[in-house]
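this one's structure only:
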């Protein structure tokens, strides 16, 4: 025989306590479900790999344009291989071109190769035109113009000294030749003169008489 769900023999107070306990358990269960679990400890970040300095990319080949001074130095080197006829032809060719500081330097260099005093003077005039120029292209050429001017002035001074020494040597040689000619003329005159008579010696007899008388 089944017992009724509602036993009138259960005391009312017992039923109320059971219901309160059941409500408390349900409340605790719901609170446990609603509470979020504590966060897990954060993992440390992965180590950063060391930065490797990348090698600089090779610079692209940039064409280097030679300066005006470098061009003139190469031109001067080429002039040294020319003979006087080719130098004169080069000067005539330069005279037909438009006047620029670069051209004045070329003409000065070509004229200096003749090694004559007049051409060195003309070369110095062309250098002076560059040194006195206010053209922007002339500014880069002035140090070389000063250097060449100093060198050619010393060369011209030595050339003048050599010319004076050569002139003195020629004068001395001419005077020596004149003295030799005069000496030879005197010798020729001396050979044409008659021989001088020999002086007579003392008489032998007179000498004996004098000795006996004494």
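Arrived safely. Note that the coordinates shown come from a computational prediction; the quantities given were computed from them, not determined experimentally.

which stretches of the protein form helices?
Counting by DSSP state H, the chain has helices at residues 12-34, 68-79, 84-95, 101-112, 117-131, 136-139, 142-192, 204-213.

Tell me which residues are up against the second one.
Contacts of helix 68-79 with the rest of the structure, by CB atoms under 8 Å, 6 or more residues apart in numbering, involve 66, 87, 90, 102, 105-106, 109-110, 113, 137, 140-141, 143-144. Yep, even glycine has a C-beta here, placed from its N, CA and C like the rest.

change it to 7 Å
Here helix 68-79 makes contact (CB atoms under 7 Å, 6 or more residues apart in numbering) with 87, 102, 105, 106, 109, 110, 113, 140, 141, 144.

Using JSON lines, please lay out the helices of the chain together with mean neighbour count and mean pLDDT.
Listed next are the helices of the chain as JSON lines, based on neighbours: other CB atoms under 10 Å; pLDDT from 0 to 100:
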{"stretch": "helix 12-34", "mean neighbour count": "9", "mean pLDDT": "60"}
{"stretch": "helix 68-79", "mean neighbour count": "14", "mean pLDDT": "92"}
{"stretch": "helix 84-95", "mean neighbour count": "14", "mean pLDDT": "92"}
{"stretch": "helix 101-112", "mean neighbour count": "23", "mean pLDDT": "94"}
{"stretch": "helix 117-131", "mean neighbour count": "18", "mean pLDDT": "89"}
{"stretch": "helix 136-139", "mean neighbour count": "13", "mean pLDDT": "90"}
{"stretch": "helix 142-192", "mean neighbour count": "11", "mean pLDDT": "89"}
{"stretch": "helix 204-213", "mean neighbour count": "8", "mean pLDDT": "51"}
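
Show me which pair in the contacts of helix 68-79 is furthest apart.
The span of the contacts of helix 68-79, defined through CB to CB, is set by 87 and 140 at 25.7 Å.

Grab the nearest non-local neighbour of residue 160.
Ranked by CB to CB, 6 or more residues apart in numbering and with sequence neighbours excluded, the top spatial neighbour of residue 160 is residue 117, at 7.1 Å.

Ok, residue 111 next?
Distances taken as CB to CB, 6+ apart put residue 123 closest to residue 111, at 4.0 Å, once the chain neighbours are dropped.

likewise residue 103?
Among residues not flanking residue 103 along the chain, residue 97 sits closest, at 5.6 Å (CB to CB, 6+ apart).

measure residue 124 to residue 186 for me?
52 Å (CB to CB, to the nearest Å).

Over to residue 157?
Relative to residue 186, residue 157 is positioned 44 Å away (CB to CB).

Thought residue 132 was touching residue 101, still the case?
No: assessed by CB atoms under 7 Å, residue 101 is found out of contact with residue 132, at 10.6 Å.
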